[in-house]
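Enquirer: curious how this folds, go ahead:
(chains A, B, C and D, ligands or ions: 6)
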Amino acid sequence: MAMKKFLNDPSNITKELLEGMTACYSNKVKLVNEKIVVRATPKCDCKVAIVSLGGTGHEPAISGFVGEGMLDASVAGDIFAAPGAPKLLEALRLFKREAGIILVTLNHAGDRMSANKALRDAQKEGIKVMEIVTQEDISAGIDIDPEEKRGLGGCIPLYKVIGAAAEQGKSLEEIYELGQRFNKQMATLAVAMTGCTHPQNGGVIAVLPEDEMEIGMGQHGEAGGGRSKILTADETAAKMIAPLMQATGVKAGDSAMLIVNGVGATTLMEMFVVYRKAAGLLAEKGVKTVPGICDELLTVQEMAGFQMILCKLDPDHVELMKATANSPYWTVV
Amino acid sequence: MAMKKFLNDPSNITKELLEGMTACYSNKVKLVNEKIVVRATPKCDCKVAIVSLGGTGHEPAISGFVGEGMLDASVAGDIFAAPGAPKLLEALRLFKREAGIILVTLNHAGDRMSANKALRDAQKEGIKVMEIVTQEDISAGIDIDPEEKRGLGGCIPLYKVIGAAAEQGKSLEEIYELGQRFNKQMATLAVAMTGCTHPQNGGVIAVLPEDEMEIGMGQHGEAGGGRSKILTADETAAKMIAPLMQATGVKAGDSAMLIVNGVGATTLMEMFVVYRKAAGLLAEKGVKTVPGICDELLTVQEMAGFQMILCKLDPDHVELMKATANSPYWTVV
Amino acid sequence: MLTLQKFKEMMVAAGVDIRASEKHFSELDAASGGDGDHGTAIVTAFNAMDKVTEAGCFKRYLKALTDTLQNEACGSTSTLYGSWLQGMSDAAPEKVTELDAPAVATLFKGGLEEIGFTTKARVGDKTLMDALIPATEALCAAAGSGVPAMFKAGAEAAQKGSEATRAMRAKFGRAKNLGERSIGPVDAGSASMATIFTSFAKAF
Amino acid sequence: MLTLQKFKEMMVAAGVDIRASEKHFSELDAASGGDGDHGTAIVTAFNAMDKVTEAGCFKRYLKALTDTLQNEACGSTSTLYGSWLQGMSDAAPEKVTELDAPAVATLFKGGLEEIGFTTKARVGDKTLMDALIPATEALCAAAGSGVPAMFKAGAEAAQKGSEATRAMRAKFGRAKNLGERSIGPVDAGSASMATIFTSFAKAF
Ligand SMILES: Nc1ncnc2c1ncn2[C@@H]1O[C@H](COP(=O)(O)OP(=O)(O)O)[C@@H](O)[C@H]1O
Ligand SMILES: Nc1ncnc2c1ncn2[C@@H]1O[C@H](COP(=O)(O)OP(=O)(O)O)[C@@H](O)[C@H]1O
Ligand SMILES: [Mg+2]
Ligand SMILES: [Mg+2]
Ligand SMILES: [Mg+2]
Ligand SMILES: [Mg+2]
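Expert: Ligands and ions are numbered 1, 2, ... in the order given. Next up is the predicted model:
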């Protein structure tokens, strides 16, 4: 069966998509060194730079969040594959500065190995960089070793918070502290209903039976563990928000941000229905939700499903969420 | 086969999705009279109001474009069904004002019939309203009677232009003039690769053979006419941009905006690849593209495909595109 | 004679038959290149009309149907059926609960006239008008033979009109861009309209 | 003796065999709960290495392979194979184009040591280490029997190690969240590693 995707030579996908994105949003981003997306207008190098890395095929993430008040650079690998260490090192060199760099790494084997190698090399070259690793997928358990938790869409609100802090001129240590605090107070759970097609090899990833869904699906269709018959939107929302509340520890009076991150084919219509129920359950418990997001942020090709991301917010995080942002896919006036 | 969607009672979808959207973006929009989405903070009634109507199931459209610098209200019907005339009349009453109202209607039978009826009734009540009908789908031909052309995603950039003009305090006649001028200079062409499922009755709309795509597909999976074997992204882009250029009449030196509106399952990755080629072809002809959009704006459930929208811009349109906007799904800093 | 009570029973009967064919109407809509929801739309319309409790007279009952339907139904059905019922209500004499054959003809003539202002579609355009126009004409032509014969004639003409849409190209509604490929299936709206006239005849 | 020329031929042979099984490796990746791209990744790596023209000596050839691979390949493969080749390059004596059996053992020992710094995975964790560790050990243990015997022993051990991953639960990489359900299929990375050792043995 022919793959139902609009593509040219599969080995050029990453190159072409980055060219397309930067052509479309030419007022916000540009492409340098083939795989590094940076702001069209760089911010003052007196401020801390925020850099992140990741595979492609998850658009708009990660490059779509480069811009004022968000990332300074994203380093792209290839479809579902982290960039190699040399490319990441190149990016760190580009942003070498007194103020320092925060590198955000999602906890996946490939990303971690590239980051570790690049960080060792950067250190040798005297590049000042602190790493924040996101590991917020609670599908394998809430109280397990963070090293066992994958990084899913929670990196995106993290970019927002630390990006805003960097824009305000906060120091490397301050940003690291408030970023880690944010990082530890967020949790994500994913659910899938269909598999997806790998755009380079046409292989189908994560086939699910016709009447089943799976809570706990990973960022690339990797299986999770919570298969069940298809539940209603409200049942699904309830089943996901409960462990997320437990994991983040939100309680009455706390502020929180709820994000429903569509991973592909699931419509915004459905995401709104799910959001409504989950937000209602938070409200029932007395949690104050700040304006959230229903949108595709970090996707898994055309897979049907979504990630529910819950972030417990401290007062400084609430303020940073409101700060101006101007990336292609997260804009705050 | 069970429908692979996150839903509750199918007859409540519209209600629940509107509640979810307005809960999520509570700082921007709110729901009144069950089916009318208005701004959280209304603009001064000394300014012209912009109202539009349409069926649901196309999220984020239309309600996701209510906000500062965009729509004042959207009137929702039900899945793929325009609101009835009484609901639209209610909305027109809510925005009755000296400055007047612009009503944007997409050219679909149901929408037109509701709008015609509501406009007749509004006139009797002394509500000042001028209608702009979008009819920019060139799939049935370029030079045919506009009444034969459907309204597709081109309404969204139109909202931006006239929304910005209204925010600046322009008069009803001025807004109507620049809106119609914009309207007549834009064109849309859609392509689909898969059908979609109607979320209320589970029926499959527009089945396509495994190895075929169709250029000219309508807003609800209605068939178009241009079936072919699956083409590459570049071939598809070239095949679509050529008639769009002809229809809009863009030529060397003109400014234009290019939008790739994903209708459902097609990934942003693919849209970028397509955008890159189409923008390249425009550049080859000497057309100056302003920053565009690759995103899901007006969708057709989980259908794989996209709409390519080309807008020839006059200098005033270029400026209006840059003005601040703050709706949930179109934000300009 | 057509009593208001009987007419209400006919509406209930039509609702039952419409619901029984819901899926079929949606499939016809999709098959001829529409958006596959006509069954959903027409059932929603009948569900709305079922809520009407108004019992005063033909005029007020039909007006109540019009308002409820237009408020609760969406899409083309809302305005088309809204106009049809509105036209009948307008044509109904004041405060009457029984209609003789000529008055029934006037009622349906009024409905057709009003819907004709809402849409430009006529016979041959592959819409519900292909059932409604001949049905109304046959029903009126049979006025001399009494009310039962009128509904019988209406039902036959509606079914024939709907069948004839198979060979037509859609020129209105969502299916119009399909061109040649819309030829083949019966138009969804004409099918539901024919069902309504058939139910009317059976229930009388 | 292993000449640089022969080693290059072995690399080319491995590339041919790896390409022939590309789809198989991706399927194994998906089957055990990974993201279904290991074939794509490992072929990209060999395509990159094919571009290396450096011919000076083992050390420089292996360093060139490392750099090209790390620059062009992405994902886990980039860093894992990068470390392996880097370790071999570091262990190779300067300016040498022929290696005797003990020197070959030193080369592969160096590769294993370096990759061991990059990942904590060891035998039993259902990764490429399940092929690489026993292969390296068997290859080194056979050093007394000459180079051909070394590669033969390496190939056998790699295949056996890879086969053994069937019964294992993934603890590293993308498949790790699958738990029990990762039991059954062979680990993709171990399969490609076993293919490489088998190609080496055949091509020697
Ligand atoms: N402009 C029109 N004039 C007359 N009938 C129409 C028109 N547009 C649609 N119809 C009728 O409505 C039917 C479709 O109804 P429905 O599916 O409920 O509406 P929608 O087009 O809003 O999805 C068509 O089969 C046709 O009979
Ligand atoms: N942390 C790790 N340590 C050792 N090997 C690993 C690790 N992570 C993955 N692998 C190996 O890599 C293989 C998957 O490779 P590949 O699919 O190319 O990478 P990716 O996980 O980036 O998609 C696995 O089958 C496993 O053998
Ligand atoms: Mg991968
Ligand atoms: Mg419809
Ligand atoms: Mg329809
Ligand atoms: Mg993989």
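Enquirer: residues contacting the residue of chain C most remote from its centre?
Expert: Within chain C, the residue lying farthest from the chain centre (CA atoms, centre = their mean) is residue C:180, at 26.3 Å. If a contact means CB atoms under 8 Å, 6 or more residues apart in numbering or on different chains, then residue C:180 has residue C:169 as its contacts. From N, CA and C alone the C-beta is placed, and that goes for glycine too.
Enquirer: that one in helix, strand or coil?
Expert: Of the three states, residue C:180 takes helix according to DSSP: H, G, I helix; E, B strand; the rest coil.
Enquirer: what's the answer for residue C:126, then?
Expert: Applying three-state DSSP: residue C:126 is coil.
Enquirer: which residue packs closest to it, ignoring adjacent ones?
Expert: Nearest residue to residue C:126, sequence neighbours excluded (CB to CB, 6 or more residues apart in numbering or on different chains): residue C:168, at 3.9 Å.
Enquirer: for residue A:327, what are its contacts?
Expert: Residue A:327 touches A:28, A:29, A:64, A:65, A:66, A:67, A:68, A:69, A:70, A:71, counting by CB under 8 Å, 6+ apart.
Enquirer: touching, residue A:60 and residue A:262? I think so.
Expert: No. Residue A:60 lies out of contact with residue A:262 (CB atoms under 8 Å); the separation is 11.2 Å.
Enquirer: mutual contacts of the two, please.
Expert: The overlap between the contact sets of residue A:60 and residue A:262 (CB under 8 Å, 6+ apart) consists of A:296, A:297, A:299.
Enquirer: would CSV of those with distance to residue D:81, pLDDT and secondary structure be doable?
Expert: Below are these laid out as CSV (distance: CB to CB, whole Å; pLDDT from 0 to 100; DSSP: H, G, I helix; E, B strand; the rest coil):
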residue, distance to residue D:81, pLDDT, secondary structure
A:296, 33, 98, coil
A:297, 31, 98, coil
A:299, 28, 97, coil
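Enquirer: from those residues, list just the buried residues.
Expert: A:296, A:297, A:299 (16 or more other CB atoms under 10 Å in any protein chain shown).
Enquirer: my guess is residue C:41 meets residue C:80, correct?
Expert: No. Counting by CB under 8 Å, residue C:80 is not a contact partner of residue C:41; they are 10.1 Å apart.
Enquirer: the two: who's more crowded?
Expert: The neighbour count for residue C:41 versus residue C:80, taken as other CB atoms under 10 Å in any protein chain shown, is higher for residue C:41 (30 against 26).
Enquirer: relative to residue C:24, how far out is the residue in chain C positioned nearest to ligand 3?
Expert: Nearest to ligand 3, among the residues of chain C, is residue C:36, at 38.0 Å (CB to the ion). Residue C:36 sits at a distance of 12 Å from residue C:24 (criterion: CB to CB, to the nearest Å).
Enquirer: who's more crowded, the two?
Expert: Comparing residue C:36 with residue C:24 by neighbour count (other CB under 10 Å), the higher total belongs to residue C:36, at 32 against 16.
Enquirer: count of neighbours near residue 21?
Expert: Picking chain A for this. With other CB under 10 Å as criterion, residue A:21 counts 30.
Enquirer: please go with chain C instead
Expert: 17.
Enquirer: swap in the one 4 residues further on?
Expert: The local packing of residue C:25 (other CB under 10 Å) involves 25 other residues.
Enquirer: list the contacts for the residue nearest to residue C:126?
Expert: Residue C:168 neighbours (CB under 8 Å, 6+ apart): C:124, C:125, C:126, C:130, C:182, C:183, C:187.
Enquirer: the chain: helices as residue ranges?
Expert: I went with chain A, as the question did not name one. A:13-24, A:85-94, A:109-124, A:155-167, A:172-184, A:233-248, A:268-284, A:315-322 (DSSP state H).
Enquirer: try again with chain C
Expert: C:4-20, C:22-31, C:38-50, C:58-72, C:75-91, C:101-118, C:129-141, C:147-164, C:188-203.
Enquirer: does anything pack onto the last one? Which helices or strands?
Expert: Counting contacts by 3 or more CB pairs under 8 Å, 6 or more residues apart in numbering or on different chains; DSSP states H and E, helix C:188-203 packs against helix C:4-20, helix C:22-31, helix C:38-50, helix C:75-91, helix C:129-141, helix C:147-164.
Enquirer: for the third one, buried residues please.
Expert: It refers to helix C:38-50. So, applying 16+ other CB under 10 Å, buried residues of helix C:38-50: C:38, C:39, C:40, C:41, C:42, C:43, C:44, C:45, C:46, C:47, C:48, C:49.
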